[in-house]
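Participant: Dropping the sequence and predicted coords here.
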Amino acid sequence: MKYHQINSSLFIKNREKFMAQMKPNSVAVFNSNDIYPVSADSTLPFAQHRDIFYLSGVDQEESVLLLFPDAPYENQREILFLKETNDHIAVWEGEKLTKQRAFEVSGIKTVYWLQDFHKILNEMMTYADTMYINTNEHYRATVETETREARFVKWWKERYPAHQVAKSNPILQRIRSVKESEEIDLIQHACNITEKGFRRLLSFVKPNVTEYEIEAELIHEFIRNRSKGFAYTPIIASGNNANVLHYIENNQQCKAGDLILLDVAAEYANYSSDMSRTIPVSGTFTARQKAVYNAVLRVKNEATKMLTPGTLWKQYHIEVGKIMTSELLDLKLIDKADVQNENPDWPAYKKYFMHGTSHHMGLDTHDYGLLHEPMKANMVFTVEPGIYIPAEGFGIRLEDNVVIQETGEPFNLMRNIPIEADEIESLMNV
């Protein structure tokens, strides 16, 4: 891995939090992701399942974590199963975790090779009453490929039909959403790498540059700072492309006078950052562009102040909508009649700001968190309002990542990334 090793104390704490919420006499199993094939002998780069990483720090394929806090013997309460390594594998595939290295990474003392998994699981099942299965229940999830986790669940249900079933996901949704200080530091590190990439662009962007050249500058800066690359598929949308919310082609030339909406960010150690900025191709905003830009920035700043413990996500978005409505009235994009006659299910402001303002983030860009439960301190949220005006040929989105505090306003992890229009113009015209 490119990143520096994370202290195993983080993963020890994470397992303790999970096991504290398990039912008596129960087992939980977590599987690595598959390596997905392309065709012939080609594969996609491996990306670890975030849950097993969160609980163990293991960042390797064909790994399994078993937790059994009520096991009769202490060495059965936390067990890692790994793909067996040897000198031949080291030559052809590179270094894999040895049992000793796995302990150093995870803090788990009991480590077996994967070939022993079924035998040991069978023994654990004779002691246990309940199995926690790890289904994906994220509110944005659409999974069409059968995962390694799903195959295991199918096999386990056939093999052990007399056991009770519980779900890991509700526990993970709650504990993963509230970050430990070490996690916040890792997200901050990802944000700092993102800052380096963005500052690189401000002196690079000129009329006639292409969106893919901008993407190349970013990936260069990210990788040279120990990131695997983008935390998500980058959006580099010039001109009217910005009005396609998930524009990812990044293949157009950036024309003088246009704006570029950048929704781009680095990952670090599997933790995400998530940034949006909008910059002028020519280095200067027009008066109209700056007026809309500053309206979006005001909405972002006011929305940020609302992210406090006890806030409900749904009500928060209603309040942000009111602020956006006021700004759109001032910009004369809507009028009072539009507001008076609006559909409550799709308010007038949605014509120009049709997406949500905030989501949890962490190991996943759209991270775990139960939206119907009140916000808590040490949750990390994005704040990302936008105004999109196809008729005028541009769209603007601004986005920071913030940590909810016990009291007061949240802490901005992107506080050092330029966002004021005047500062962006100044840095682009050095």
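Facilitator: Happy to help now that I have it.

Participant: so what's the spatially most central residue of the chain scoring on pLDDT?
Facilitator: With distances taken as CA atoms, centre = their mean, residue 365 lies nearest the centre of the chain, 1.5 Å away. pLDDT for residue 365: 97.

Participant: quick one: low-confidence parts of the stretch 1-150 of the chain?
Facilitator: 87, 90-91 (pLDDT under 70).

Participant: For it, just list every one of the strands.
Facilitator: Assigned by DSSP state E, counting those that start in this stretch, the stretch 1-150 of the chain shows strands spanning 26-31, 64-67, 78-82, 110-113, 130-133.

Participant: you'd agree the residue nearest to the centre of the chain is up against residue 275?
Facilitator: No: using CB atoms under 8 Å, residue 365 makes no contact with residue 275, being 10.8 Å away. (Each C-beta comes from the backbone N, C-alpha and C, glycine too.)

Participant: circling back: closest one to residue 12 among the strands of the stretch 1-150 of the chain?
Facilitator: Of all the strands of the stretch 1-150 of the chain, it is strand 78-82 that lies closest to residue 12, at 9.1 Å by CB to CB.

Participant: Each with direction, which strands does that closest one pair with?
Facilitator: Strand pairing for strand 78-82, using DSSP bridges, gives strand 64-67 (antiparallel), strand 110-113 (parallel).

Participant: The closest residue to residue 261 other than its chain neighbours: how many residues sit nearby?
Facilitator: In space, and not counting its chain neighbours, residue 261 is closest to residue 242: 3.7 Å by CB to CB, 6 or more residues apart in numbering. Number of residues near residue 242 (other CB atoms under 10 Å) recorded here: 27.

Participant: what sits against residue 242?
Facilitator: 259, 260, 261, 278, 388, 394, 395, 396, 397 (CB atoms under 8 Å, 6 or more residues apart in numbering).

Participant: 10 Å instead, please
Facilitator: Counting by CB atoms under 10 Å, 6 or more residues apart in numbering, residue 242 touches 235-236, 258-263, 278, 386, 388-390, 393-397.

Participant: now swap in residue 346 and tell me
Facilitator: Contacts of residue 346 (CB under 10 Å, 6+ apart): residue 354.

Participant: From residue 263, how far out is the spatially closest residue to residue 69 that is not a sequence neighbour?
Facilitator: Of all residues not flanking residue 69 in the chain, residue 19 sits nearest, at 4.3 Å (CB to CB, 6+ apart). Residue 19 is 37 Å from residue 263, where distance means CB to CB, to the nearest Å.

Participant: Between those two, point out the one with more neighbours.
Facilitator: residue 263 (24 against 18).

Participant: Bridged to the more buried one, which residues?
Facilitator: Residues in beta-bridge contact with residue 263 (DSSP bridges): residue 235, residue 276.

Participant: Distance check, it against residue 14.
Facilitator: 29 Å.

Participant: For the residue lying farthest from the centre of the chain, give me phi and psi.
Facilitator: Within the chain, residue 337 marks the point farthest from the mean C-alpha position, 39.2 Å out by CA atoms, centre = their mean. With angles defined as degrees, to the nearest 10, residue 337 sits at phi -70, psi -40.
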